[in-house]
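Peer 1: the following comprises the amino acid sequence and a computationally predicted model.
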Amino acid sequence: MTTVLYPGSFDPVHNGHVEIVETASQLFDHVIVAAMRNPQKSAGVLTLEEREQVLTETFEHLDNVSITMFSSLVVDLAQEMEADFIVKGLRAVSDFESELQMAQMNKAISGVHTIFLPSASEKSFLASRLINEIARYGGNVSSMVPPPALRVLREKFST
């Protein structure tokens, strides 16, 4: 059985993330979606509890996907969860440059390999940071996020 770990902040999960998880769920036996608060980013819009609930609802249709929260190194979680690989989605060349460096570092310190999955071109522009900004000012993000994320964003930014 092959298990992969798909880490991210998922603040909020968007349809590009959904595409990566659905693709990974077809390729691998078990996909672990792991959300964390990224210390390199500003304070999150959604709490970790909200993210966990949104992720659980979003992926409940996939029997081989599980959700976890973490606050450690990704490679430590990968080893703890006995993941065979880390999965990362790529939207653009700029993603590849930064993700490649992280993948090489992760491999050097843990031996865990990273697999890159490209997003479809119609979803490659999606970014949680931009979605939050649009939602904050009342813009329509319904085509960019799954229904559970849309519900929470509307609750967060309702005036």
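Peer 2: Structure's in. What do you need?

Peer 1: list the helices and strands the lowest-mean-pLDDT helix or strand in the chain packs on?
Peer 2: The least trusted helix or strand in the chain, going by mean pLDDT, DSSP states H and E, turns out to be helix 93-110, with a mean of 91. If you count contacts as 3 or more Cβ pairs under 8 Å, 6 or more residues apart in numbering; DSSP states H and E, helix 93-110 packs onto helix 74-80, strand 85-90, strand 113-118. Heads up, the C-betas are built off the backbone N, CA and C, glycines and all.

Peer 1: contacting residues around it?
Peer 2: With contact meaning Cβ atoms under 8 Å, 6 or more residues apart in numbering, helix 93-110 is reached by 73-76, 78-79, 86, 88-90, 112-114, 116.

Peer 1: buried among those? Need that as a selection in PyMOL.
Peer 2: In PyMOL, a selection of the buried entries from the contacts of helix 93-110 looks like this (16 or more other Cβ atoms under 10 Å):
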select buried, resi 74+75+78+86+88+89+90+112+114
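
Peer 1: which of the contacts of helix 93-110 sits closest to residue 154?
Peer 2: Within the contacts of helix 93-110, the smallest distance to residue 154 is 25.1 Å, found for residue 89 (Cβ to Cβ).

Peer 1: shaky segments in the chain?
Peer 2: In the predicted model of the chain, residues 38-43, 159 satisfy pLDDT under 70.
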